[in-house]
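Student: After the sequence you'll find the predicted model.
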Amino acid sequence: MRQNLRPGEQFPDIELPNHEGEPTQLSSLIGGFPIVVVFSRGAY
Amino acid sequence: MANYVADLQPELEVNYCRLVVVWTDDPASTRGVRQKLGATFPFLCDRERKVIAELDIIDTTDVRHPRIAIPYTFVLDAERVIHKIYNGWWYVGRPTVEELRMDLRALMARRRDWWYDDTPAPYAQTVKRAEGEET
């Protein structure tokens, strides 16, 4: 894992297509509140 | 993830906090899985492995599912500052609903409006003025 991914450091503002295929920036999902970012290997 | 849908999602719908899943499926198959799960939170599709490569969290050991993400979970505050990292490489490392609830509570408790304040909120002051009361 990248060295600067540690508590207290800022997570990058990643941009990916969402489930509708629309480009989506992480910051646009936050809306001023905490967020949990789950990197998943499958739907279990 | 079914536990997040069953037990965390109903709370997220009223507690203002968010959850997003990042994985390597394409949007079309993701829509189907999301619908089957009954999830209302968004999924982001890293089909090209762009983000997981940038974060250096690609699992290269799984020959059946090459180049998928090591299952990390990040809890972030509203400025994307990392509050907690869960390393889910072993299943037991993945956060429970209760652990996420505690993390989100800790972050929400930093808010200035976390505690009740008997100063009338702006909307209440507007109501008082409308009723002709002294403000």
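Tutor: Nice, thanks for sending it over.

Student: Restricting to C-alpha, output the longest strand anywhere in chain A in PDB.
Tutor: In chain A, taking DSSP state E as the definition, the longest strand is strand A:35-39. The C-alpha trace of strand A:35-39 is given here as PDB (Å, rounded to 0.1, in the frame of the first residue of the first chain):
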ATOM      1  CA  ILE A  35     -17.600   8.300   4.300                       C
ATOM      2  CA  VAL A  36     -16.500   4.700   4.300                       C
ATOM      3  CA  VAL A  37     -14.600   3.500   1.200                       C
ATOM      4  CA  VAL A  38     -14.700  -0.200   0.800                       C
ATOM      5  CA  PHE A  39     -12.400  -1.900  -1.700                       C
END
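
Student: What count of nearby residues applies to residue 34?
Tutor: No chain was given, so I picked chain A. For A:Pro34, the count of nearby residues is 27 (other CB atoms under 10 Å in any protein chain shown). Placement of C-beta: from N, CA and C, glycine included.

Student: wait, chain B
Tutor: For B:Arg34, the neighbour count with other CB under 10 Å is 23.

Student: That one: helix or strand, and which one exactly?
Tutor: Using DSSP states H and E, B:Arg34 sits within helix B:27-37.

Student: Help me see whether that helix makes contact with chain A, please.
Tutor: Yes - for helix B:27-37, a contact with chain A is found by CB under 8 Å from any CB of the partner chain, at B:Pro27, B:Ala28, B:Thr30, B:Arg31, B:Val33, B:Arg34, B:Lys36, B:Leu37.

Student: Can you lay out these as a markdown table showing pLDDT?
Tutor: A markdown table is the format used below for the residues of helix B:27-37 next to chain A (pLDDT from 0 to 100):
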| residue | pLDDT |
| --- | --- |
| B:Pro27 | 95 |
| B:Ala28 | 95 |
| B:Thr30 | 94 |
| B:Arg31 | 95 |
| B:Val33 | 93 |
| B:Arg34 | 94 |
| B:Lys36 | 94 |
| B:Leu37 | 94 |
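
Student: As JSON lines, these with distance to B:Phe74 would be great.
Tutor: Conversion of the residues of helix B:27-37 next to chain A to JSON lines gives the following (distance: CB to CB, whole Å):
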{"residue": "B:Pro27", "distance to B:Phe74": "22"}
{"residue": "B:Ala28", "distance to B:Phe74": "26"}
{"residue": "B:Thr30", "distance to B:Phe74": "20"}
{"residue": "B:Arg31", "distance to B:Phe74": "24"}
{"residue": "B:Val33", "distance to B:Phe74": "21"}
{"residue": "B:Arg34", "distance to B:Phe74": "20"}
{"residue": "B:Lys36", "distance to B:Phe74": "25"}
{"residue": "B:Leu37", "distance to B:Phe74": "21"}
